[in-house]
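**Student:** Coordinates only, no sequence provided:
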Ligand SMILES: O=C[C@H](O)[C@H](O)[C@H](O)COP(=O)(O)O
């Protein structure tokens, strides 16, 4: 499921640039995935150099990495708010590296690592949500499967509901375990392929209102800034200012 055509250097540039924007004293949402990991490592370096931050992890993996690099941690319900979240994406729709189209709105597809439920919770709670990506993630429309985390007992009824909307749900299987991927929350993931997603907002609402769905991977208009690491720098798309 997890694929990215981007290079590690591109991801590192994006992650480091976003981490460089974190102010002293901030509560920081720590995203999941290989690109967000670069931001967490950079935050660790900055903590070593004296930066005072508290990280709110979005997954077992981001918690482990933050512990390893020395970023102090707190749970979401133990902080007064989240100042900034830094997170990756499997696809960033509506932002183009050549600025062919405006970036007044954006849709992210997340959940390639099955972390999207906690990611959405933390990213949406943040005053500023910085996405970190490489150019391979940019797309004109949603063209990757949409991950849907479901209660285990709901997998067949949610799969039926997805089919009713023209989607093709597939239970995510584990790589090195027989059976399905089980999320950090003890749930299952349906990867839902749609031929065309003409109205991502409508699909997001439909999925959110389907009983048994814990969370889906469509993040509509949540991102404030997208940092796209390139071969020689970082393209920064400030969506918040373009929306206002
Ligand atoms: O569940 C995982 C997350 O949504 C990740 O942020 C997303 O899959 C992107 O990961 P990566 O930066 O490794 O491509």
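**Tutor:** Looks like it came in fine. All values derive from a computational prediction rather than experimental measurement.
**Student:** Would you mind measuring from the closest residue to the ligand within the chain to residue 90?
**Tutor:** Residue of the chain nearest the ligand, by C-beta to the nearest ligand atom: residue 33 (2.5 Å). For glycine as for every other residue, the C-beta is placed from the backbone atoms N, C-alpha and C. Taking C-beta to C-beta, to the nearest Å as the measure, residue 33 falls 8 Å from residue 90.
**Student:** which neighbours do those two share?
**Tutor:** Counting by C-beta atoms under 8 Å, 6 or more residues apart in numbering, the residues touching both residue 33 and residue 90 are residue 112.
**Student:** Of those two, give the one with the bigger neighbour count.
**Tutor:** Shown here are residue 33 and residue 90; by other C-beta atoms under 10 Å, residue 33 has more neighbours (27 against 24).
**Student:** In this structure the more buried one contacts residue 112, no?
**Tutor:** Yes: here residue 33 reaches residue 112: they are 6.9 Å apart, a contact under C-beta atoms under 8 Å.
**Student:** Residue 216: what's its closest spatial neighbour, skipping adjacent residues?
**Tutor:** Spatially, and ignoring its direct neighbours in sequence, residue 216 is nearest to residue 207 (4.2 Å; C-beta to C-beta, 6 or more residues apart in numbering).
**Student:** tell me which element the one you found falls in.
**Tutor:** Following DSSP states H and E, one finds residue 207 within helix 200-208.
**Student:** List the buried residues for that helix?
**Tutor:** By neighbour count on 16 or more other C-beta atoms under 10 Å, the buried set for helix 200-208 is 200, 203-204, 206-207.
**Student:** next helix or strand past that helix?
**Tutor:** Following helix 200-208 in sequence order, the next helix or strand is strand 213-216 (DSSP H and E).
**Student:** Past that following strand, which element shows up next along the chain?
**Tutor:** Assigned by DSSP H and E, the successor of strand 213-216 is strand 218-220.
**Student:** what about the helix or strand that comes right after that next one, average pLDDT?
**Tutor:** Proceeding C-terminally, strand 218-220 gives way to strand 225-229 as the next helix or strand, assigned by DSSP H and E. Strand 225-229 shows a mean pLDDT of 97.
**Student:** got the angle for the helix or strand following strand 225-229 vs strand 225-229?
**Tutor:** Going down the chain from strand 225-229, the next helix or strand is strand 234-238, by DSSP H and E. Going by axes from the mean of the first three to the mean of the last three C-alpha atoms, to 10 degrees, strand 234-238 is angled at 170 degrees with respect to strand 225-229.
**Student:** and residue 143, how many neighbours?
**Tutor:** Neighbours of residue 143 (other C-beta under 10 Å): 14.
**Student:** Can you read off the pLDDT for it?
**Tutor:** 96.
**Student:** which residue packs closest to it, ignoring adjacent ones?
**Tutor:** residue 91 (7.0 Å).
**Student:** For residue 125, give me its contacts.
**Tutor:** 29, 76, 81-82, 85.
**Student:** Neighbours of the closest residue to the residue of the chain closest to the ligand other than its chain neighbours, how many?
**Tutor:** Nearest residue to residue 33 in three dimensions, chain neighbours excluded: residue 88, at 4.0 Å (C-beta to C-beta, 6+ apart). Residue 88: 30 surrounding residues under other C-beta under 10 Å.
**Student:** you'd agree residue 88 is up against residue 40?
**Tutor:** No: between residue 88 and residue 40 there is no contact under C-beta under 8 Å: 10.9 Å.
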